[in-house]
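Visitor: Provided below for reference: sequence and predicted model.
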Amino acid sequence: MKAIRVHAPGGPESMKLEEMPAPTPAAGQAQVKLEACGVNYIDVYFRTGAYKATLPLTPGMEGAGTVTAVGPGVSDVKVGDRVAWSGIIGSYSQMHVVPSDRLVALPSKLTFKDGAAAMLQGLTAHYLVTSTWPVKKGETVLVQAAAGGMGLLLCQMAKMRGATVIGTVSTEEKAALARAAGADHVILYTKQDFEPEVKRLTGGRGVDVVYDGVGASTFDKGLNCLRPRGLMALFGAASGPVPPLDLQRLNAGGSLFVTRPSLNHHIATRHELMHRSNELLGWISEGKVKLRVDHQFPLEQTTEAHRQLEGRKTTGKILLIP
């Protein structure tokens, strides 16, 4: 099979398409032929060495395809099943072995591309709006990078739960996408300082929760946008890691809360994985949540996919098609 390999941490050019033996499933595993795999910022962290992993490494935390073989003791799936997953590194490949209890069956209405686009970002958005801060009707949320794959999902899900949604974007084109996803107010941070604009939009009160996957360039001002006892949910660092925080700042801001959650802790058990996946994939099947796949690349163009992602040239989801 062919797979992307990283032999040393580095830029996008450190990823090479190579031939390697197809993996065989061990006990509790299933072999899957990939039809699509998702590209996410966590893949950049692993590629650069910001997140540690054994080298050589095949990146990719999310994919969808058909089960082609199962190992001993597998009862969750069978050969021929259409499945998707998140959180299992090695998905930038034509074949992958995945623990069977991490696989989720795709509803008949959804394509493999839907599955690969939904799992990591969709499940992340799900836990952020239902668990990290269970958004309630009448609340106001701020979504940073509202036209990205995560941002568009957060806008839709927060709006579903009755919130007023404020989104930040960099261009008019991205502003239109955020509005279509449910954002009530969109701030072009390239033309306006989002902090005073959020204060204006909320009558000086501030928002109940900030969903921030950008990190260093937005975190500090985002804290200033919170109302007393509001929550900063920092789930990524696309612009770089957030510097150490003086906790007195939270007191001065109004007894604020800050959390740095991750998806794996919210799908740690089979029960929670299936609960979140069934709800998410059900919303997508019913048209309540819409996926936007704007960029598709073959495996041999993975380098370009990462360049566009890091250059903030993308909207919606990026997929690799093995």
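Guide: The structure has been received and is ready for your questions.
Visitor: Now the phi/psi pair for residue 320, please.
Guide: Phi and psi for residue 320, reported as degrees, to the nearest 10, are phi -100, psi 140.
Visitor: Skipping adjacent residues, who's closest to it in space?
Guide: residue 37 (4.8 Å; C-beta to C-beta, 6 or more residues apart in numbering). (Each C-beta comes from the backbone N, C-alpha and C, glycine too.)
Visitor: what do you get for residue 76?
Guide: residue 100 is the one closest to residue 76 (C-beta to C-beta, 6+ apart), at 4.2 Å.
Visitor: Tell me if I'm right that the one you found and residue 74 touch.
Guide: Yes. Counting by C-beta atoms under 8 Å, residue 100 touches residue 74, with 4.5 Å between them.
Visitor: For stretch 21-37, buried residues please.
Guide: The neighbour-count check on stretch 21-37 (16 or more other C-beta atoms under 10 Å) flags 22-23, 25, 28-37 as buried.
Visitor: got a list of contacts for it?
Guide: Residues outside stretch 21-37 that contact it (C-beta atoms under 8 Å, 6 or more residues apart in numbering): 1, 60, 62-74, 76-77, 83, 91-101, 103, 112-113, 115-117, 319-322.
Visitor: Could you do stretch 188-201 as well?
Guide: With C-beta under 8 Å, 6+ apart as the test, stretch 188-201 has contacts from 142, 166, 168-172, 175, 185, 187, 206-207, 218, 221, 224-225.
Visitor: Please repeat the previous calculation with a cut-off of 7 Å.
Guide: 142, 166, 168-170, 175, 185, 187, 206-207, 221, 224-225 (C-beta atoms under 7 Å, 6 or more residues apart in numbering).
Visitor: ok, now stretch 158-173?
Guide: 129, 135-147, 151, 155, 175, 178, 182-190, 194, 198, 201, 207, 288, 312.
Visitor: What about those residues, which are in strands?
Guide: The strands, defined by DSSP state E, take in 140, 141, 142, 143, 185, 186, 187, 188, 207 from these.
Visitor: Next, residue 294: secondary structure please.
Guide: Secondary structure assignment for residue 294 (DSSP: H, G, I helix; E, B strand; the rest coil): strand.
Visitor: For the stretch 201-322 of the chain, which segments count as strands?
Guide: Remark: strands assigned in the stretch 201-322 of the chain by DSSP state E, counting those that start in this stretch are 207-212, 226-234, 257-259, 293-298, 317-321.
Visitor: highest average neighbour count across those?
Guide: strand 207-212 (a mean of 26; mean count of other C-beta atoms under 10 Å).
Visitor: and that one, which strands flank it?
Guide: Sheet partners assigned to strand 207-212 using DSSP bridges are listed as strand 140-143 (parallel), strand 226-234 (parallel).
Visitor: Please tabulate these in TSV, including the columns mean pLDDT and distance to residue 122.
Guide: Formatted as TSV, the strands paired with strand 207-212 follow (pLDDT from 0 to 100; distance: least, C-beta to C-beta, whole Å):
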stretch	mean pLDDT	distance to residue 122
strand 140-143	98	15
strand 226-234	98	16
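Visitor: Perfect, I'm done here.
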